[in-house]
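Peer 1: after the sequence you'll find the predicted model.
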Amino acid sequence: CLLLLSGGCAPSPVAPAPTVPGLSGAPPPACDRAVRLVFTGDIMTHAEQLNIARQADGSYDFSGQFAPVLPLLQGDLLVGNFETVLAGPRRPYTGYPSFNTPDSLADALRKAGFDVLLLANNHILDLGAQAALRTKQVLTDKGFAVTGLGPGQAGHTPPLLCEVNGLRLGILNYTYGSNRPVTPALEREIALNGMDLLLITWDVLALRAAGAQYIVAAMHWGIEYRPEPSPAQRAVAAHCLALGVDAIIGAHPHILQPVELHAGYGKPQLVAWSLGNFISAQRTVPRERAMILALDLTCSPGGVPRLRRVSLSPTWVELSPARKRARILPTAPGLLPDDASEEIRTTVRRVHADCLNFLGVLPVPDARGFYTIYEAPPPVTDWLPGRSARLMRFFLPDAWLRQAVMRSRLRPPSVAGKITAPAVPLSDKKRPRPDSTANAS
């Protein structure tokens with residue numbers, strides 16, 4: 001983990017927030033207990049995974065692909081990057097380069113505990129606007145909160161605002177672009193959030209005005225298979241950090257990139273440049289490495305959420321078409337399923353060591369199999385009371401801010417309401433089963 005230090009300055013009160021449908025106009029509540037946010041990388045379905053998931057009756061079952069890591073996914077909110085399309089059975093189910101996945105993938109993700117799925121990525125328009133909108137509708141109907149994509153009339157998709165254990169959490173989602181050219185005709189049908197700095201600024205303003213206490217920006221960015229963030233990534237991240245975004249979670253490179261902690265604006269700000277492939281058929285080094293990231297938040301005496309701990313758990317996908325096996329495996333010691341072969345165990349040990357070495361993490365996991373990369377000194381103190389809710393005054397004058405917040409073009413966040421991940425005891429989580437192939441993004 002790389003710790004970067006920068007200065008901060010004291011804030012002042014901001015203009016009153018506009019009313020947001022679905023949430024009261026009252027001040028943000030004090031979060032009533034600790035909150036654990038869990039993030040995964042790219043959720044993809046290549047042809048090999050489709051073949052393995054296909055059942056004798058022609059249906060598809062993806063639940064076994066997530067079973068071994070269910071204990072690692074437990075938290076108050078589980079977020080994943082949904083990098084495929086649910087275009088429906090009228091089209092053939094396909095992998096790369098134009099994805100179409102059975103709707104049963106959504107059922108498997110819901111069963112695994114996912115609450116929020118991110119749709120702003122370069123593959124969501126693989127099969128056109130109507131397929132993308134169907135994807136959003138199917139996921140919404142199955143109970144997911146989604147963001148990053150919407151109908152064209154909206155202009156852009158507003159950020160997501162949800163309440164988790166009393167914490168008002170804002171989630172932003174943007175992509176560098178799309179594999180399918182976004183023509184004016186396509187824009188009339190669909191709104192895909194591009195990585196526009198002005199748009200990001202408006203959305204952060206909207207979330208803060210709506211009472212968001214903690215903001216996460218999910219970015220689909222970077223250069224594929226590059227282990228370091230690009231200059232463009234760093235420029236966008238710097239803008240987000242200057243806006244006071246609390247955490248930036250990256251996707252798209254399909255490999256791990258570093259995790260950094262920036263101590264700016266009187267609070268720790270996290271940048272996880274890329275979490276890698278959570279599930280895919282990309283099997284070559286370094287594309288086989290991935291991680292699950294967990295952020296543990298707690299409230300200070302003043303009720304302001306503070307980042308208490310950042311931890312990660314490396315994972316590896318076992319893909320064996322001959323055995324009809326595709327599943328995500330935890331790599332931390334003692335977590336592999338009993339049926340893992342010695343060959344698989346050897347590979348997992350190598351991948352595990354590679355991940356920890358690359359990320360610079362000490363090899364001392366907790367009981368869940370997570371490795372701490374940041375921990376606030378106990379007790380977590382309220383360094384600067386109320387700062388997280390009043391960051392915009394650092395760089396925007398009063399009158400400008402007041403006008404900006406109230407402008408008609410500033411759309412209020414989508415409100416997901418209270419989100420609670422399914423609480424399943426660790427002992428009730430059954431682990432299923434193991435090998436290799438390569439593929440493209």
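Peer 2: The structure has been received and is ready for your questions.
Peer 1: which residues in the stretch 101-250 of the chain form helices?
Peer 2: Secondary structure of the stretch 101-250 of the chain (DSSP state H, counting those that start in this stretch): helices at 104-112, 129-141, 184-189, 197-209, 231-242.
Peer 1: remind me, longest strand of the chain?
Peer 2: Using DSSP state E to define each element, the chain has its longest strand at strand 305-320.
Peer 1: ok, then the element right after that strand?
Peer 2: Sequence-wise, the next helix or strand beyond strand 305-320 is strand 325-330, with elements assigned using DSSP states H and E.
Peer 1: just give the nearest non-adjacent residue to L241, would you?
Peer 2: Among residues not flanking L241 along the chain, Q269 sits closest, at 5.3 Å (Cβ to Cβ, 6 or more residues apart in numbering). Where you see a C-beta, it was placed from the backbone N, CA and C, and this is true even at glycine.
Peer 1: so that neighbour is in which element?
Peer 2: With DSSP H and E as criterion, Q269 is part of strand 267-272.
Peer 1: name the helices or strands packed onto that strand?
Peer 2: Counting contacts by 3 or more Cβ pairs under 8 Å, 6 or more residues apart in numbering; DSSP states H and E, strand 267-272 packs against helix 231-242, strand 247-251, strand 259-264, strand 305-320.
Peer 1: looking at the ones you listed, which has the lowest confidence?
Peer 2: Out of those, strand 259-264 stands lowest, with a mean of 88 (criterion: mean pLDDT).
Peer 1: now do that one against strand 267-272, angle only.
Peer 2: Here strand 259-264 runs at 150 degrees with respect to strand 267-272, directions being taken by axes from the mean of the first three to the mean of the last three Cα atoms, to 10 degrees.
Peer 1: pull out the buried positions in strand 259-264.
Peer 2: Within strand 259-264, the residues that qualify as buried by neighbour count (16 or more other Cβ atoms under 10 Å) are V259, E260, L261, H262, G264.
Peer 1: make sure the first one is actually in contact with S274.
Peer 2: No. V259 sits out of contact with S274 when judged by Cβ atoms under 8 Å, with a separation of 9.5 Å.
Peer 1: picking that back up, export only the CA atoms of the longest strand of the chain, formatted as PDB.
Peer 2: The C-alpha atoms that make up strand 305-320 are tabulated as PDB, following Å, rounded to 0.1, in the frame of the first residue of the first chain:
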ATOM      1  CA  PRO A 305     -18.300   8.100   9.200                       C
ATOM      2  CA  ARG A 306     -14.600   7.400   9.300                       C
ATOM      3  CA  LEU A 307     -12.600   4.800   7.400                       C
ATOM      4  CA  ARG A 308     -11.400   2.400  10.100                       C
ATOM      5  CA  ARG A 309      -9.900  -0.400   8.000                       C
ATOM      6  CA  VAL A 310      -9.100  -1.300   4.400                       C
ATOM      7  CA  SER A 311      -8.400  -5.000   3.700                       C
ATOM      8  CA  LEU A 312      -8.300  -7.300   0.700                       C
ATOM      9  CA  SER A 313      -8.400 -11.000  -0.100                       C
ATOM     10  CA  PRO A 314      -6.800 -12.300  -3.300                       C
ATOM     11  CA  THR A 315      -8.800 -14.700  -5.500                       C
ATOM     12  CA  TRP A 316      -8.200 -17.000  -8.400                       C
ATOM     13  CA  VAL A 317     -10.600 -18.500 -11.000                       C
ATOM     14  CA  GLU A 318     -10.300 -22.300 -11.500                       C
ATOM     15  CA  LEU A 319     -11.500 -23.100 -15.000                       C
ATOM     16  CA  SER A 320     -11.600 -26.800 -16.100                       C
END
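Peer 1: report the buried residues of stretch 185-204.
Peer 2: When neighbours are counted by 16+ other Cβ under 10 Å, the buried residues of stretch 185-204 are found to be L186, E189, I190, A191, L192, N193, M195, I200, T201, W202, D203, V204.
Peer 1: let me fix that, I meant to ask about stretch 84-102.
Peer 2: Applying 16+ other Cβ under 10 Å to stretch 84-102 flags 84-88, 93-96, 98-102 as buried.
Peer 1: and which of the residues you listed is nearest L241?
Peer 2: Sorting the buried residues of stretch 84-102 by how near they are to L241, with Cβ to Cβ, puts T84 at the top with 30.3 Å.
Peer 1: element containing that closest one?
Peer 2: Secondary-structure assignment from DSSP H and E places T84 in no helical or strand segment.
Peer 1: pretty sure it is touching I43, no?
Peer 2: Yes. Counting by Cβ under 8 Å, T84 does reach I43; the two are 6.9 Å apart.
Peer 1: anything in contact with each of the two?
Peer 2: With contacts taken as Cβ atoms under 8 Å, 6 or more residues apart in numbering, T84 and I43 have L105 as neighbours in common.
Peer 1: and the longest helix belonging to the chain, what does it pack against?
Peer 2: In the chain, taking DSSP state H as the definition, the longest helix is helix 342-359. Helix 342-359 is packed against strand 305-320, with contacts defined by 3+ Cβ pairs under 8 Å, 6+ apart.
Peer 1: tell me the angle of the strand it packs on relative to strand 247-251?
Peer 2: Computed with the same axes, to 10 degrees, the direction of strand 305-320 lies at 20 degrees from that of strand 247-251.
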